[in-house]
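J.: dropping a prediction and its sequence here:
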Amino acid sequence: MRLGSWIGAVALAVLQVVAANDSASAKSLQTLLDEAKALSLAGRFNDALRAYEDAIATDASNYLTYFRRAAMLLNLGKTSSALSDFTKVLELKPEFDQALLQRGKLFAKECTINSAIHDLNAFLQRKPSDTSVAELVQELYQTRDALTHAADAAASGDKARAIELYGDALNTCPHAVDIRMRRAQLYLDVGDKEMAIGDFKRIQKLQPDSLEALQQLSTLHLGLGEVSESLEAAKDCLKQDPEHKACKVAFRLVKKLDKAITKMEEHLSSGRWAEAVKLLLKPSQEEGLMGEANKINSSQLNLRMFGAACKAFGEVKSMNWCTKTLELNDQSFDAYLYRAEAKVATEEYDAAMHDFQKAHELNRQDARASEGYHKAERLKRQAGRRDYYKVLGVPRSASKREIKKAFRKLAQEWHPDKYQGDLPEEAVVKKMSEINEAYEVLSDDELRQRFDNGDDPNVTA
């Protein structure tokens, strides 16, 4: 064979091998992408991410690999990683409209407003008929103005207006941690701990490593008497930073408190009243659980301890421990106040009004006494009317979940199509109507609050 012919044959063979390898590589990439898709559909997201990483290692220039991974990351709530992938897609293929749109929407959710407007306007230049994107751009301009006005309102001391404006902004930018943090602080400033907790919880979901959010949650839950929730937040904080000073202090304090409360409640449930009393009052009120609750300055935790003390003294009603306190100190505002609230719970409205009046005389600056008096007065007028709690068979302290569960159970029993008893159809329909009416009031926060304050939403004045 001539040399030239031999070289030509070798070159041909090399080209065939290269072509075969290219084909195998392409097939390998497609196989990895198919595998990633199947794993994602099966809910095996970590395995799917590894498959995408292998696909990128095989061909880092394939923009669709990044786009598919970004879509999956978006569904998993990993917005920062998704944002990086959409950016990579646009580096590889600047004209890819969907990547531009998705990145713009992510910027909007995070309130990176200028970047969001830039991307969405660029998208609109290519797709001018997309009215939903045009509306989003207008919302972003309005949000930018709202943020400016919110900052001005906060600076001028109009915190309620600032909270409202930050809320408007968060409707457009639900993932904006810094804005949510500002609103949470404003809620704290105005004393609305429950709403602050809601914002800090959302921040912690968006940024699981946010130590400030976890520390605040631990402190706020404890202030509301929610010891278990406080302990959990402190634990999560220490998982992120085992040396975090404030969280270490909170964890030790709350763990000790939680352990003592758990033990005390075990004594109560077993009827070991003397042992429970030792934990509540050992060796004096200041050093026992009653004293710890008082140091924390949580009215909810105080109420919990008063109720426990009542049981520990072997009495039926939770007001008796307060009565014992008043026997020792008839100038105790808290004892009158808590006993009055306990009497409201047992529907002794005249006695409750008397105690609220005494509390008000002792401390006219504390609005709880006068508010409690008027509430008891309204409830007294309401007595004798229909009681929606009794209709559903739940206590006034029932959670939304408990109310819903009770309603479903009663609906199964009394729905005209399911009723198995002997009552006439007219009576069953009436009963089901009462159940529906009760549920409509108690499942709506505003209507339930009105009813709890003595105003029946279904009774016109």
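T.: Perfect, thanks for sending it. Residues are numbered from 1 along each chain as shown.

J.: give me the three-state assignment for residue 99.
T.: helix (DSSP: H, G, I helix; E, B strand; the rest coil).

J.: and the nearest residue to it once chain neighbours are set aside, how many residues sit next to it?
T.: The shortest distance from residue 99 to any non-neighbouring residue, by C-beta to C-beta, 6 or more residues apart in numbering, is to residue 89 (4.0 Å). To be clear about C-beta, it is placed using only N, CA and C from the backbone, and glycine gets the same treatment. By other C-beta atoms under 10 Å, 25 other residues sit near residue 89.

J.: residue 356 too?
T.: Residue 356 has 27 nearby residues by other C-beta under 10 Å.

J.: surely it is in contact with residue 340?
T.: Yes: counting by C-beta atoms under 8 Å, residue 356 touches residue 340, with 4.5 Å between them.

J.: on that earlier part again, which element, helix or strand, includes the residue nearest to residue 99?
T.: Under DSSP states H and E, the secondary-structure element containing residue 89 is helix 79-92.

J.: please state the offset of that helix from the chain centre?
T.: 29 Å (C-alpha atoms, centre = their mean, to the nearest Å).

J.: ditto for stretch 217-234
T.: That offset, for stretch 217-234, works out to 14 Å (C-alpha atoms, centre = their mean).

J.: ok, now stretch 253-270?
T.: 26 Å.

J.: what's the answer for stretch 137-153, then?
T.: The answer for stretch 137-153 is 25 Å, by C-alpha atoms, centre = their mean.

J.: any residues touching it, and which ones?
T.: Residues outside stretch 137-153 that contact it (C-beta atoms under 8 Å, 6 or more residues apart in numbering): 108, 111, 113, 116-117, 120-121, 124, 159, 161-162, 165-166, 168-169, 172-173, 179, 182.

J.: so where's the protein uncertain?
T.: Applying pLDDT under 70 to the chain flags residues 1-27, 282-287, 307, 310-321, 324-325, 328-329, 383-385, 459-461.

J.: what comes into contact with the helix holding residue 89?
T.: By C-beta under 8 Å, 6+ apart, the residues outside helix 79-92 that reach it are 61-63, 66-67, 69-71, 73-74, 96, 99-100, 102-103, 106-107, 109-110, 175.

J.: on that earlier part again, overlap in contacts of residue 356 and residue 340?
T.: 369, 372, 376.

J.: ok, the second one - contacts?
T.: This points to residue 372. Residues in contact with residue 372 (C-beta under 8 Å, 6+ apart) are 337, 340, 341, 344, 352, 356, 359.

J.: which element follows the host helix or strand of the second one toward the C-terminus?
T.: Assigned by DSSP H and E, residue 340 falls within helix 333-345. Of the helices and strands lying after helix 333-345 in sequence (DSSP H and E), the nearest is helix 349-362.

J.: angle of the following helix or strand past that following helix against helix 333-345?
T.: Sequence-wise, the next helix or strand downstream of helix 349-362 (DSSP H and E) is helix 367-382. Relative orientation of helix 367-382 versus helix 333-345 (axes from the mean of the first three to the mean of the last three C-alpha atoms, to 10 degrees): 20 degrees.

J.: ok so, going back, in helices, which of the contacts of helix 79-92 appear?
T.: Those of the contacts of helix 79-92 mapping onto helices are 63, 66-67, 69-71, 73-74, 99-100, 102-103, 106-107, 109, per DSSP state H.
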